[in-house]
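Undergrad: sequence and predicted model, in that order:
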Amino acid sequence: MLDLEETMEVKSSANRPKSLSPSITIILIGLFSLSLILILFHGFSSLSTSSASWDLHFWKSELGASNNDARDDLNSRLRDSVTFLPLKDLRFTKTAMEGNTWFMSSFSDTYEENESQYLYFPSQASQGRLLCLKGHDHKDGTENSYALAWPQSLPNSTTFLKGLTFVSDTYYDYVNLWHGLTAMVPFVGWSTKNRCVKPTRWMLFHWGELRDKMGLWLQNLMEANFGKVMIEQMGQGEGPYCFEKAVVTRHNVGKMGKEKKLQVSDLLRCKARVFCGINPAGRGKEIGVKGEPIIRLTLLMRKTSRSFKDPTAVISIFARECAMVDGCLLEVVQSEDLSFCDQVKVMTNTDILASPHGAQLTNMLFMDRNSSIMEFFPKGWLELAGAGQYAHHWMAHQSGMKHLGAWWDLNAEEECPDPKQQKECFNFYKDGQVGHNETYFAGWARTVLNQVRISKQEAMQSSQRFSNSCQC
């Protein structure tokens, strides 16, 4: 056995080829590697361009589809997260006009010095989200609602309204001249601060209840300033209405400063005159035949509530006093008979306005600055009306006029049945007729006429010229 193994080993060694030198081995390995690389390169270069491109697009599409799915899922979740809250928050019924008010109560106003409070969407405060409103109930503001939504994730069935929308909520109304004007003034002020931008449409609310119109006087005034008034009635569907841009006011004049109020009044006066084709050039420096300044005294009368009991007697008193002043011209007009432009024309040509308390006094807006107001009240207002009786005193102050006093009638044809019930008594007296006191009226008219005469004489010596160019 041992011999056999040794024999086989000897034969094997004899048949083994001679080993290659190390240098030759390295050369052979290098040639083999180079050949392999050339083969692989040739194979890859022979692949079609379309095949390689298809592979790239395939992976891109797979990744894109995945991203789109994720984006759609996120938008869907954001859309479902939009929460609508009641426009009218009953928790703030007792403080409806204070703080954030009961209209859109979850939002805090933006306030800038001298300006009125407002909300703007989209903004940094809303994190870029748009304002959306839903519901068009005219009787219950809690049935209408509001929310914020991302532009890419608007609620289902949304009506998207492009452009700028002015959204107003007032505690009062849009028909009464005074109340309507105080609700619109903040929008005019905001516009003047923002390059006189004009709204595409309006949305009007009262206590969160939708309103579909404003009074004709107010509509004419807004059209004079902004152009055609389009009031959104939300009649295109039951879904939400979302606004590309929206300005919301809910405090009426609010914290607006005196200078801003004067600026807005000047603009509205100018725009109304242009709208009605009235050029007041030369006003204020007219002189009569004796060289005295012309003074135009207007009695603006009412026909029903708070009218004079004896209008003939009142007219006679003022006519007599006017006749005693050189250059004084008296005009007696019924406020109910005047169109909007008639009112603008009459007031443009008035230096002294005498009238019972009422919305018609809002027309003082169209008088020149520093014109004078005389106001008359029926019985009950002095004792029971509270701060509301000073509304036109405030307006005179904010529009640049001089409120030269008021007269309160102390007598009535009938007395309130229960004087202890103040609210009921005020409603009893509120729309009563106004009497007169000849001695007081004559002396008051004489004093006012003399003050205006002196003021106009000073104005005649001034070099100040009137400009018919409106700010916006």
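TA: Perfect, thanks for sending it. Keep in mind the model is a prediction, meaning the values are calculated, not measured.
Undergrad: please report how far the residue nearest the centre of the chain lies from Tyr118.
TA: The structure's the chain has its C-alpha centroid closest to Phe187; by C-alpha atoms, centre = their mean the separation is 3.8 Å. When distance is defined by C-beta to C-beta, to the nearest Å, Phe187 is 9 Å away from Tyr118. In this view, the C-beta of every residue, glycine as well, is placed from N, C-alpha and C.
Undergrad: mind listing the shared neighbours of those two?
TA: Val247, Thr249 (C-beta atoms under 8 Å, 6 or more residues apart in numbering).
Undergrad: now the helices for the stretch 351-472 of the chain?
TA: 381-384, 391-399, 422-429, 438-460 (DSSP state H, counting those that start in this stretch).
Undergrad: next one: the stretch 51-200 of the chain
TA: 177-193.
Undergrad: where does pLDDT dip in it?
TA: In the predicted model of the stretch 51-200 of the chain, residues 51-66, 70 satisfy pLDDT under 70.
Undergrad: all strands for it, in order.
TA: Secondary structure of the stretch 51-200 of the chain, counting by DSSP state E, counting those that start in this stretch: strands at 85-86, 119-121, 130-134, 145-149, 159-170.
Undergrad: gap between the nearest residue to Tyr429 once chain neighbours are set aside and Glu414?
TA: Take Tyr429 and drop its neighbours on the chain: the residue closest to it by C-beta to C-beta, 6 or more residues apart in numbering is Gly380, 2.5 Å away. Gly380 sits 11 Å away from Glu414, going by C-beta to C-beta.
Undergrad: cool, Phe308 as well?
TA: 18 Å.
Undergrad: with Gln421 instead?
TA: Here the criterion is C-beta to C-beta. By it, Gln421 lies 15 Å from Glu414.
Undergrad: when the two are compared, which one has more neighbours?
TA: Gln421 (12 against 9; other C-beta atoms under 10 Å).
Undergrad: torsion angles phi and psi at the more buried one?
TA: When quoted as degrees, to the nearest 10, the phi and psi of Gln421 stand at phi -90, psi 90.
Undergrad: what are the ranges of the strands in the stretch 251-400 of the chain?
TA: Secondary structure of the stretch 251-400 of the chain (DSSP E, counting those that start in this stretch): strands located at 295-301, 328-334, 352-356, 372-377.
Undergrad: what would those strands look like in a markdown table with mean neighbour count and distance to Phe318?
TA: A markdown table is the format used below for the strands of the stretch 251-400 of the chain (neighbours: other C-beta atoms under 10 Å; distance: least, C-beta to C-beta, whole Å):
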| stretch | mean neighbour count | distance to Phe318 |
| --- | --- | --- |
| strand 295-301 | 23 | 6 |
| strand 328-334 | 17 | 6 |
| strand 352-356 | 24 | 7 |
| strand 372-377 | 22 | 9 |
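Undergrad: tabulate the ones you listed (a markdown table), appending mean pLDDT and distance to Asn194.
TA: Below are the strands of the stretch 251-400 of the chain laid out as a markdown table (pLDDT from 0 to 100; distance: least, C-beta to C-beta, whole Å):
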| stretch | mean pLDDT | distance to Asn194 |
| --- | --- | --- |
| strand 295-301 | 98 | 35 |
| strand 328-334 | 97 | 38 |
| strand 352-356 | 98 | 33 |
| strand 372-377 | 98 | 32 |
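Undergrad: check the gap between the residue nearest to Arg283 when sequence neighbours are not counted and Pro122 for me.
TA: Spatial nearest neighbour of Arg283, excluding adjacent residues (C-beta to C-beta, 6+ apart): Asp368 at 6.3 Å. As judged by C-beta to C-beta, Asp368 and Pro122 stand 42 Å apart.
Undergrad: before we move on, what about Trp394?
TA: For Trp394, the distance to Pro122 - C-beta to C-beta - is 35 Å.
Undergrad: more neighbours: which of the two?
TA: Pro122 (19 against 15).
Undergrad: quick one: that one and Arg129 touch, right?
TA: Yes - using C-beta atoms under 8 Å, Pro122 is in contact with Arg129, at 5.9 Å.
Undergrad: any common contacting residues for these two?
TA: Jointly contacting Pro122 and Arg129 under the rule C-beta under 8 Å, 6+ apart are Pro151.
Undergrad: residues in contact with the residue nearest to Ser108 when sequence neighbours are not counted?
TA: Among residues not flanking Ser108 along the chain, Asn100 sits closest, at 6.0 Å (C-beta to C-beta, 6+ apart). By C-beta under 8 Å, 6+ apart, the contact list for Asn100 reads Phe92, Ser106, Phe107, Ser108, Asp109.
Undergrad: mind putting these in TSV, distance to Leu262 included?
TA: Shown next, in TSV, are the contacts of Asn100 (distance: C-beta to C-beta, whole Å):
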residue	distance to Leu262
Phe92	32
Ser106	34
Phe107	29
Ser108	28
Asp109	22
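Undergrad: of those residues, grab the buried ones for ChimeraX.
TA: Buried members of the contacts of Asn100, defined by 16 or more other C-beta atoms under 10 Å, are picked up in ChimeraX with:
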select :92,107,109
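Undergrad: pull up the gap between Asn370 and Met364, please.
TA: From Asn370 to Met364 the distance is 12 Å (C-beta to C-beta).
Undergrad: how about Val247?
TA: Separation of Val247 from Met364 (C-beta to C-beta): 27 Å.
Undergrad: cool, Trp217 as well?
TA: Distance from Trp217 to Met364, by C-beta to C-beta: 13 Å.
Undergrad: then Tyr174?
TA: 20 Å.
Undergrad: could you do Leu221 as well?
TA: Counting by C-beta to C-beta - Leu221 and Met364 are separated by 13 Å.
Undergrad: cool, and His397?
TA: Relative to Met364, His397 is positioned 11 Å away (C-beta to C-beta).
Undergrad: pick out whichever of the two has more residues nearby.
TA: With neighbours defined as other C-beta under 10 Å, His397 and Met364 compare such that Met364 has more, 24 against 15.
Undergrad: ok, now how distant is the more buried one from Phe187?
TA: 21 Å.
Undergrad: next one: Glu415
TA: Glu415 is 44 Å from Phe187, by C-beta to C-beta.
Undergrad: got a list of what the closest residue in space to Gly227 that isn't next to it in sequence touches?
TA: Distances taken as C-beta to C-beta, 6+ apart place Lys198 nearest to Gly227, at 5.8 Å, with adjacent residues excluded. Contact analysis of Lys198 by C-beta under 8 Å, 6+ apart lists Leu164, Ser191, Phe226, Gly227.
Undergrad: isn't the third one up against Pro199?
TA: By that I understand Phe226. Yes - using C-beta under 8 Å, Phe226 is in contact with Pro199, at 6.3 Å.
Undergrad: contacting residues around the residue lying closest to Cys328 once chain neighbours are set aside?
TA: Using C-beta to C-beta, 6+ apart and skipping the chain neighbours, the partner closest in space to Cys328 is Cys322 (4.1 Å). Residues in contact with Cys322 (C-beta under 8 Å, 6+ apart) are Ile295, Leu297, Cys328, Leu329, Leu330, Ala445, Leu449.
Undergrad: tell me which two of these sit farthest apart.
TA: Leu329 and Ala445 (13.9 Å; C-beta to C-beta).
Undergrad: quick one: contacts for Arg77?
TA: Neighbours of Arg77 in contact, by C-beta under 8 Å, 6+ apart: none.
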